[in-house]
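Engineer: Sequence first, predicted coordinates after that:
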Amino acid sequence: MDRYNSREVEPKWQKQWEESEQFKTEVDQSKPKYYVLEMFPYPSGRIHMGHVRNYTMGDVVARYKSARGFNVLHPMGWDAFGMPAENAAMENNIHPGDWTYQNIADMRAQLKPLGLSIDWSREFATCDPEYYGHQQSMFIDMLEAGLVYRKNATVNWDPVDLTVLANEQVENGLGWSPIARVERKELTQWFFNISKYAEDLLASLDKMPNWPEKVRLMQKNWIGKSKGLEIDFALQDAPQEFKTLKVYTTRPDTLFGMSFAGISPDHPLALALAKDDEKLANFIAECRKTATTEEALETAEKVGYETPVKVVSPLDETKSYPLYVANFILMGYGTGAIFGCPAHDQRDLDFARKYDLDVIPVVCPPDVAENAFSIGTEAYTGPGYIVNSEFLNGRSIEDAKTLISKTLQRKGVGLEKTNYRLRDWGISRQRYWGCPIPVIHCPKCGTIPEKKENLPVELPHDVNFDQPGNPLNRHDQWLAVSCPTCGSKAKRETDTMDTFVDSSWYFARFTSPNAKTPTDKEKIEYWMNVDQYIGGVEHAILHLLYSRFFARAMNETGHMPEQAIEPFDALFTQGMVCHETYRDQEGKWIPPNEVKEIEKSKAKRQFVSLSTGKPVDVGPSIKMSKSKKNVVDPTDIIEQFGADTARWFMMSDSPPERDVEWTTSGVEAAWRHLQKVWRLSHEIYSESLKKDAKDDYKPILNGESHHDNLLRETHKAIDNITKCLESFAFNKAVAHLYELTNVISNSKASHIVKKYAMRILAQLMQPMTPHLSQEIWSLYGSSSFISREPWPTPVLEFLQNEDLIYPIQVNGKRRAEIVVPKDLDSQEIESRILSLPPITNILKGSKPKKIIIVPGRIVNVVI
RNA sequence: GCCCGCUUGGUGGAAUUGGUAGACACAAGGGACUUAAAAUCCCUCGACCUAACAGUCGUGCCGGUUCGAGUCCGGCAGCGGGCACCA
């Protein structure tokens, strides 16, 4: 018998699907819609196994929902702007656009053989001028709606090349020229007013039950709502214009534990003091020599500079504290100033120990006596009662907060304030390969938006990357423009947008990819929301939060219906694809296809290099990455085993939210199983030819057949697999499909029943293995596309059991088992149990203390 | 440093969400078929103890709640993701 030949079968059906436009979708008001979307890829040039996993998951959902009668939208596009294209331009002297479009063509060619049910007619790339033109148009609407503004913000600055560096370049030194050092530098930049929606973005998280709890929690913490008190501290010996220092705190109850105050190196007071204090100026300059990331600031050693300024206690004018400029205080959070209470804040404590400041405990743990409590190297942040705090003594933390807040407010030096950690979204990038910000700087009229009829503001193609910096800055012809308002000579904005803007509305554009406006009302109302969004958990905060914001901003400017301000109804975050790592004796990484396993036993696994024959060390399985060379190319796998094998393996074994380990033996097992299904389908088919019998499935479903084991198992499988697919348990669905295959294979049922079961199996496998399923479908004489067939429904009579099996525990340990009729009452069950030999042996005539019968589940005898 | 996860046999994982731990696979070992190999099929497979039945231990580590804990609570360790200019 022939083997299942994926190289022949898969392209055959793919061609037929394409020619008959199987997956092209239109608005159809008569059907319920289902929009399934996987996060679109960055066109790096090659697809990787992570893509295969991501898009297979989406395809399983799309095909399943389609079989359930939904009008399914399943589009694909490209997140095409970004840094790698510029790096390629610098390294290989190729235009970022040419590089990107070539990569898109390559990746599309690698993706298509996977047989995904994608409506390719909706495809676009975010670097298409048409797409980013609409983005510019919305930017202008948002600017006019007050959702966009400019302000100063710091960037990573390379003082040698005079260019802005990405955080990644700072961390990994990936810049195209060696980075001498990094400084923080202030630039005027464009911002989206995301903080306007902070409360709404936070509150709305509670109304998203189909998002993972962890993602909602991460977003909640990111938004970081806190209720606190803004306190005005009087200043002594400060420059004239600084009378008070505003400090935001969530722990006003610890005010009596204060021993210093601190301000950010970027605080106006610090800058003013530095004018006459060279040492301070140097200190501030030194502080700026770290990257802008929060991680860099938090992990840097905490250092401070003591200023001559004193901060006066708002409660007792005779008390004052030193004021430090400290590197760990962020200007962007609160007021950029803190009061330091070392006993109850770890950072403050580290700082106080370093500069020998007082550590006064003011919160004592509940069950500890005041005089027995002291602070060592760890700050105390737990619950307790207030001590050393005059009129607050003995109170709870909550009471103390309320009381001190009232007291300070009465004195006019306190203000209750709700604060958010969430900062406005800075979208300016000093780079070429991004969506130009459609704004013109006119010496007379100031900063004004480009006229909409002039959109898109297209990127000029004639640029080069032979010197550092943004080539737009030196493109005089592109820069020169006349002011849209007064007509005088003006200059284009050269900043482009953060690529997160591009990915914040692509899902909306997919609903009407050719519309003359950013979105089409009728279509977006039909298709939105995305019913199921699937992507990596690494996007849990930024991409998803920005998209939620952008949907609101689009709604406010008339581009998004109210129903879609939470654009993703359900979110699924999938794990990564990992592989073992291999290194030769010199420590060089070796790809998996250049090693061979020569010994595999429980105790030992030994690999050698294929080229040198020398032994190779096996390292842990980690995320596939080019740098560790532990990658397997999907195209090679499809070539060797076929798309269905790759898809099947990706869905089997590992739960989709967890990392999956790619193993050769796993893929081979997947391949063997598909061969087995193929073989089995042919055996049953040949058998039925011999019998020369007509297929008639109806009699087998009537009441007399309800005891047929194969039918029972088949219908149980339909039930189980349907539930698994509904709940994203693809690995469990696959396990049930293995079981059903084995049951059919071992069954002694008639060929009619077997053929019936086989057709069901093909249908149930279809979301994972569409080509193989279609091939079997067609072998069994159906001329239809299996993907168009309605999903099988289980017949309830097949699912019911008449007996129940009760495991019997004694003191929680399983000792026996009993089979009883389903409706037996608990008294009867109890008496049967007490006469079971294993139980009587243990009881030895004594009476059990208690017998717990959980109906339908378990029995526990307590002795 | 901060926020969020994860941890079950030699391996990937399952466990009806507090009710029989190890489903389904992979690897390994043994056997059948075969001149041989491949392919396929069958058997064994957490550890300890045992001739076998039985029994004891066992879900990263320590402790708690419960008739009963992989599942809930407290603490710890290891690994991973994010930290606002990688996408």
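Structural biologist: Received it, and whenever you're ready, just let me know what you need. Numbers count the residues shown, from 1 in each chain, chains lettered A, B, ... in the order given.
Engineer: ok, now how distant is the residue nearest in space to the middle of chain A from A:Glu458?
Structural biologist: Nearest to the mean C-alpha position of chain A, counting by CA atoms, centre = their mean, stands A:Val537 at 2.6 Å. With the distance defined as CB to CB, to the nearest Å, A:Val537 ends up 36 Å from A:Glu458. All C-beta spots, glycine's among them, are computed from the backbone N, C-alpha and C.
Engineer: Repeat that for A:Asn742.
Structural biologist: Distance, A:Asn742 to A:Glu458, using CB to CB: 60 Å.
Engineer: The residue nearest to the centre of chain A and A:Lys24, how far apart?
Structural biologist: Distance of A:Val537 to A:Lys24, given as CB to CB: 32 Å.
Engineer: now A:Ser117
Structural biologist: Relative to A:Lys24, A:Ser117 is positioned 10 Å away (CB to CB).
Engineer: Looking at those two, which one has more neighbours?
Structural biologist: Using other CB atoms under 10 Å as the criterion, A:Ser117 and A:Lys24 rank with A:Ser117 on top: 21 against 12.
Engineer: Was I right to think the more buried one contacts A:Thr25?
Structural biologist: No - using CB atoms under 8 Å as the test, A:Ser117 is too far from A:Thr25 to be in contact (9.9 Å).
Engineer: shared neighbours, the two?
Structural biologist: By CB atoms under 8 Å, 6 or more residues apart in numbering, A:Ser117 and A:Thr25 have these common neighbours: A:72, A:74.
Engineer: Give me the buried positions along the lengthiest helix in chain A.
Structural biologist: Secondary structure of chain A per DSSP state H: the longest helix is helix A:664-691. By neighbour count with 16 or more other CB atoms under 10 Å, helix A:664-691 contains the buried residues A:666-667, A:669-671, A:673-674, A:677-678, A:680-682, A:684-685, A:688.
Engineer: Relative to RNA strand B, which of those residues is nearest.
Structural biologist: A:Ala669 (3.1 Å; CB to the nearest atom of the strand).
Engineer: So for that closest one, what's the nearest residue that isn't a sequence neighbour?
Structural biologist: Spatially, and ignoring its direct neighbours in sequence, A:Ala669 is nearest to A:Phe649 (7.9 Å; CB to CB, 6 or more residues apart in numbering).
Engineer: hmm, who's touching the strand or helix carrying A:Gln219?
Structural biologist: Applying DSSP states H and E as the criterion places A:Gln219 in helix A:213-223. Residues external to helix A:213-223 that are found in contact with it (CB under 8 Å, 6+ apart): A:198, A:201-202, A:205-206, A:208, A:420-422, A:537, A:540-541, A:544-545, A:571, A:573.
Engineer: does stretch A:231-251 come close to RNA strand B?
Structural biologist: No - residues of stretch A:231-251 contacting RNA strand B under CB under 7 Å from any atom of the strand: none, with a closest distance of 13.1 Å.
Engineer: Next: stretch A:129-148.
Structural biologist: No - legend: contact between stretch A:129-148 and RNA strand B by CB under 7 Å from any atom of the strand is lacking; minimum distance shown is 14.1 Å.
Engineer: Could I get the buried residue list for that stretch?
Structural biologist: For stretch A:129-148, by 16+ other CB under 10 Å, it's A:131-143, A:147-148.
Engineer: rewinding a little: near RNA strand B, which of the buried residues of helix A:664-691 show up?
Structural biologist: With the criterion set as CB under 7 Å from any atom of the strand, the members of the buried residues of helix A:664-691 near RNA strand B are A:666, A:669, A:673.
Engineer: Now the stretch 751-863 of chain A against RNA strand B: closest residue?
Structural biologist: Ranked by CB to the nearest atom of the strand, the top residue of the stretch 751-863 of chain A for proximity to RNA strand B is A:Gly812, at 2.7 Å.
Engineer: Now do the contacts for that residue.
Structural biologist: Contacts for A:Gly812 (CB under 8 Å, 6+ apart) come out as A:Asn860.
Engineer: Dihedrals phi and psi, it?
Structural biologist: Dihedral pair for A:Gly812: phi 90, psi 0, per degrees, to the nearest 10.
Engineer: Quick check: it vs A:Arg857, distance?
Structural biologist: Taking CB to CB, one finds A:Gly812 at 14 Å from A:Arg857.
Engineer: go on, A:Ile360?
Structural biologist: Separation of A:Ile360 from A:Arg857 (CB to CB): 58 Å.
Engineer: do the same with A:Phe550
Structural biologist: Distance of A:Phe550 to A:Arg857, computed by CB to CB: 49 Å.
Engineer: Which residue of these two possesses the greater neighbour count?
Structural biologist: A:Phe550 (26 against 9).
Engineer: Next, the contact list for that one, please.
Structural biologist: Residues near A:Phe550 by CB under 8 Å, 6+ apart: A:501, A:504-505.
Engineer: so A:Arg548 sits right up against A:Glu566, yeah?
Structural biologist: Yes - taking contacts as CB under 8 Å, A:Arg548 lies within contact range of A:Glu566: 6.5 Å.
Engineer: which residues do these two both contact?
Structural biologist: With CB under 8 Å, 6+ apart, A:Arg548 and A:Glu566 have common neighbours A:Ser204.
Engineer: so where's the stretch 51-200 of chain A uncertain?
Structural biologist: For the stretch 51-200 of chain A, the stretches with pLDDT under 70 are A:171-180.
Engineer: nope, the stretch 501-650 of chain A is what I meant
Structural biologist: Along the stretch 501-650 of chain A, segments meeting pLDDT under 70 span A:600-604.
Engineer: Run through the strands of it in chain order.
Structural biologist: Taking DSSP state E, counting those that start in this stretch to define them, one finds strands in the stretch 501-650 of chain A at A:532-536, A:571-574, A:577-583, A:589-590, A:595-600, A:605-609, A:615-623.
Engineer: Out of the ones you listed, the one nearest RNA strand B is which?
Structural biologist: strand A:595-600 (4.4 Å).
Engineer: Off-centre distance for the closest one?
Structural biologist: Taking CA atoms, centre = their mean, to the nearest Å, one finds the center of strand A:595-600 at 36 Å from the center of the full chain.
Engineer: quick one: contacts of it?
Structural biologist: By CB under 8 Å, 6+ apart, the list of residues contacting strand A:595-600 reads A:582, A:605-610, A:616.
Engineer: now those: which count as buried?
Structural biologist: Buried members of the contacts of strand A:595-600, counted by 16+ other CB under 10 Å: A:582, A:607-609, A:616.
Engineer: now for those, which pair is the farthest apart?
Structural biologist: A:Tyr582 and A:Val608 (10.1 Å; CB to CB).
Engineer: what's the overlap in contacts for these two?
Structural biologist: Shared contacts of A:Tyr582 and A:Val608, defined by CB under 8 Å, 6+ apart, are found at A:595, A:616.
Engineer: OK, contacts around A:Arg347?
Structural biologist: Counting by CB under 8 Å, 6+ apart, A:Arg347 touches A:302, A:328.
Engineer: Doesn't it lie inside a helix?
Structural biologist: Yes - counting by DSSP: H, G, I helix; E, B strand; the rest coil, A:Arg347 is located in a helix.
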